[in-house]
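> whatever this is, show me its structure:
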Amino acid sequence: MSDSEQQQLDAALDLLRRTDPRNVASNLALICRMNQPIAEELLSTVDQPLQVNTDLDNNKKYLCCDYNRDGDSYRSPHSNKYFPAIDDPIEISDKIRQLEVTLNAAFDTYRELYFEGGLSSCYLWDQEDGDNFAGVVLLQKVMKQSQWDSIHVLEVESVSGKEYSYKLSSTVILDIGHNSTKLGGSLTRQAEKKANVFEPQDHIANIGAFVEEMENRMRALLHEVYFGKTRDIIGDIRSIENLKEVRADEERKREIASGLGSRQAL
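Got it, this is the predicted structure:
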């Protein structure tokens with residue numbers, strides 16, 4: 001990327017940070033149409049609400065993001081095919097594919113228990129060094145006027161012997177709408193931990209526990225930042241007491257203060 005394109009990318013990212021986060025998808029699409037040379041880098045950098053596609057082989061829905069995208073097509077975790085179909089798609093090894101299938105089944109159970117609905121999709125891909133691999137866990141819950149999207153990007157690297165390092169970068173995109181009150185934004189956190197792996201399936205338990213821990217931590221942060229701050233603001237601008245009674249009470253206080261002032265003058 002040239003210096004000029006880097007400056008344009010920085011300007012686009014700065015602009016997106018200053019606009020309504022609930023409109024990030026439409027604003028991002030507009031910028032990409034206006035500046036094609038930085039579109040690919042912009043799409044891989046900016047987190048946006050998850051899209052939903054349908055696997056035409058089995059009529060199952062799956063979540064889409066930049067990590068399962070190839071051009072304008074998205075790979076399904078159900079059939080391992082791209083929709084729409086493309087020539088010469090990116091392929092993963094049989095070993096990683098088997099792990100991906102198991103990971104999807106595990107998070108499908110997690111999603112049902114914790115989200116009571118919604119949609120989940122997991123994608124893994126090979127890394128160049130030995131048994132190392134990377135992946136992403138996607139979770140989405142859509143309610144009447146609200147949407148929760150979780151994007152957990154992970155890197156798994158062998159440290160020594162049976163010990164592996166798990167690096168996790170998690171982003172939660174929240175969009176809440178209720179009558180005239182609307183909240184929207186995103187929160188990103190990173191973490192790293194190490195764990196032992198004796199069988200390949202141990203990766204599933206390690207990843208699942210790590211993502212669950214991060215989900216709980218970020219849910220608590222969002223509750224404090226969004227709902228706690230909103231409650232404080234509403235509490236400051238809205239009174240539960242009758243306005244006439246408040247004004248009458250203030251008037252009585254002024255009269256008493258004025259009376260006390262007159263007595264002190266005498």
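> give me the neighbour count for Y164.
In terms of burial, Y164 registers 20 neighbours under the definition other Cβ atoms under 10 Å. Yep, even glycine has a C-beta here, placed from its N, CA and C like the rest.
> test my guess that it contacts K193.
No - Y164 is beyond contact range of K193, at 9.7 Å (criterion: Cβ atoms under 8 Å).
> strands of the stretch 101-250 of the chain, start to end?
Using DSSP state E, counting those that start in this stretch, the strands of the stretch 101-250 of the chain run over residues 119-126, 133-142, 146-160, 163-178, 181-196.
> take the ones you listed and lay them out in JSON lines including distance to N59.
Shown next, in JSON lines, are the strands of the stretch 101-250 of the chain (distance: least, Cβ to Cβ, whole Å):
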{"stretch": "strand 119-126", "distance to N59": "14"}
{"stretch": "strand 133-142", "distance to N59": "18"}
{"stretch": "strand 146-160", "distance to N59": "23"}
{"stretch": "strand 163-178", "distance to N59": "27"}
{"stretch": "strand 181-196", "distance to N59": "31"}
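> tell me which of the ones you listed is the most buried.
Per-stretch averages of neighbours, counted by mean count of other Cβ atoms under 10 Å, single out strand 119-126 among these, with a mean of 23.
> and the angle from it to strand 146-160?
When axes from the mean of the first three to the mean of the last three Cα atoms, to 10 degrees is applied, the directions of strand 119-126 and strand 146-160 differ by 30 degrees.
> who touches K95 in this structure?
P200 (Cβ atoms under 8 Å, 6 or more residues apart in numbering).
> can you tell me the helix or strand for it?
When elements are assigned from DSSP states H and E, K95 belongs to helix 94-114.
> the inter-axis angle of that helix versus strand 146-160?
When the same axes, to 10 degrees is applied, the directions of helix 94-114 and strand 146-160 differ by 140 degrees.
> how far does helix 94-114 sit from the chain's center?
19 Å (Cα atoms, centre = their mean, to the nearest Å).
> cool, and stretch 15-29?
15 Å.
> try stretch 115-123
13 Å.
> neighbouring contacts of that stretch?
By Cβ under 8 Å, 6+ apart, the list of residues contacting stretch 115-123 reads 52, 61-64, 67-68, 75, 77, 100, 103-104, 107-108, 110-111, 135-142, 148.
> could you measure from D175 over to K141?
11 Å (Cβ to Cβ, to the nearest Å).
> over to E40?
When Cβ to Cβ is applied, the distance between E40 and K141 equals 29 Å.
> thinking again about what came up before, give me the buried positions along the helix holding K95.
Residues of helix 94-114 classed as buried under the neighbour-count rule (16 or more other Cβ atoms under 10 Å) are I96, R97, L99, E100, L103, N104, A106, F107, Y110, R111.
> picking up where we left off before, out of the strands of the stretch 101-250 of the chain, nearest to F83?
Of all those, it is strand 119-126 that lies closest to F83, at 13.0 Å by Cβ to Cβ.
> quick one, that closest one and strand 133-142 angle?
An angle of 170 degrees separates the directions of strand 119-126 and strand 133-142 when computed by the same axes, to 10 degrees.
> strand 119-126 pairs with which strands, parallel or anti?
strand 133-142 (antiparallel) (DSSP bridges).
> show the average pLDDT along the strand it pairs with.
Averaged over strand 133-142, pLDDT sits at 94.
> just how off-centre is it within its chain?
What separates the centre of strand 133-142 from the centre of its chain is 9 Å, taken as Cα atoms, centre = their mean.
> then stretch 16-35?
Computed by Cα atoms, centre = their mean, the chain-centroid distance of stretch 16-35 equals 17 Å.
> same check, this time on stretch 196-216
A distance of 19 Å separates the centroid of the chain from that of stretch 196-216, by Cα atoms, centre = their mean.
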